[in-house]
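**Q** I need the structure of the sequence given here:
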Amino acid sequence: MRFRSRTLAAWLVVLVLVATGSAQSGSRFQMARLKYSGGGDWYNDPDAIPNLAKELNRKTNIKAVEDEAQVSLIDEKLYNYPFLFMTGHGNVSFTDEEVKRLRHFLEAGGFLYADDDYGMDQAFRREMARVFPQNELVELPFDHGIYHQVYDFPKGLPKIHEHYEGPPKGLGIFVGGRLVVYYTYNTNISDGWTTAHNDPEDVREQALRIGINIVSYFLTH
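**A** You can find the predicted model right below:
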């Protein structure tokens, strides 16, 4: 299985439109939240993606659907959504079939952004090691393009919520030189997209800006 030709063609159109600044309402980007088993709350902060999509529409030429799709790794619609988002506080558990599906999805051009919402880290690292046993999560240097795509973050990730001692970390898995998984740890970027936590406006703005960078980086690389 590979990305359906109609889906790939549609995303090529989006890339051209984004690059030229002429995106129209008929070509819209939609983020999909990854549903997973194991007990973790994959569904938390339901307004996070809609809020980020609104900011994409307001501040960039990316035309985003302002609601989230939800897919599992065995969903037939998985390949309709090249950008997956996952978060949670607890365990993550993939079946052997889901491991194979995620590996192929990412190798075929898909992208996974994962944000630890405090408590997901150990399980996420374990499952990623199953998906790519030969490709380790590595910390991205501050000069990586994802930190300078639209907004400039010369010191890397902003700290949105304090979960552990130490600085936030942005880690990635590369396949053939392409960033296929981006993982944010000890910052909880997506909490800053939601209004539920009453974060200061400047903190929330930083979270939304790095979210815009992540989406824009995916669409142009």
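**Q** What is the least confident helix or strand in the protein?
**A** Ranked by mean pLDDT, DSSP states H and E, the helix or strand of the chain with the weakest confidence is helix 5-20, at a mean of 42.
**Q** isn't Arg33 right next to Glu68, touching?
**A** Yes. Counting by CB atoms under 8 Å, Arg33 does reach Glu68; the two are 5.1 Å apart. Any C-beta I mention is one placed from the backbone N, CA and C, and that applies to glycine too.
**Q** For those two, list the residues in contact with both.
**A** Taking CB atoms under 8 Å, 6 or more residues apart in numbering as the contact rule, Arg33 and Glu68 both touch Ile49, Phe85.
**Q** ok, the next helix or strand after the least confident helix or strand of the chain: who's next to it in the sheet?
**A** Using DSSP states H and E, the next helix or strand after helix 5-20 towards the C-terminus is strand 32-35. Here strand 32-35 has these sheet partners by DSSP bridges: strand 69-72 (parallel), strand 83-88 (parallel).
**Q** among those, which is nearest Asn213?
**A** strand 83-88 (13.3 Å; CB to CB).
**Q** Tell me where this structure has helices.
**A** 5-20, 48-59, 96-107, 121-131, 201-220 (DSSP state H).
**Q** Show me the shaky parts of the chain.
**A** 1-26 (pLDDT under 70).
**Q** can we see that at 50?
**A** 1-25 (pLDDT under 50).
**Q** if we compare the helices of the chain, which one ends up closest to Gly170?
**A** helix 201-220 (8.8 Å).
**Q** Contacts only, for the residue nearest the centre of the chain.
**A** Taking CA atoms, centre = their mean, the centroid of the chain lies closest to Tyr113, which sits 2.4 Å from it. Counting by CB under 8 Å, 6+ apart, Tyr113 makes contact with Phe83, Leu84, Phe85, Met86, Val181, Tyr182, Tyr183, Thr184, Ile214, Phe218.
**Q** Please report the distance of it from Glu97.
**A** 22 Å (CB to CB, to the nearest Å).
**Q** give me the number of residues near Ala196?
**A** When neighbours are defined as other CB atoms under 10 Å, Ala196 has 12 of them.
**Q** Verify the stated contact: it with Asp45.
**A** Yes. Shown here, Ala196 and Asp45 form a contact pair, counting by CB under 8 Å, at 6.4 Å.
**Q** For Arg58, grab the count of nearby residues.
**A** 10.
**Q** What of the one 10 residues further on?
**A** Close neighbours of Glu68, defined as other CB under 10 Å, add up to 19.
**Q** ok, the residue lying closest to it once chain neighbours are set aside - how many residues close by?
**A** Distance criterion CB to CB, 6 or more residues apart in numbering; nearest residue to Glu68, sequence neighbours excluded, is Ile49 at 3.9 Å. Using other CB under 10 Å, Ile49 is surrounded by 26 other residues.
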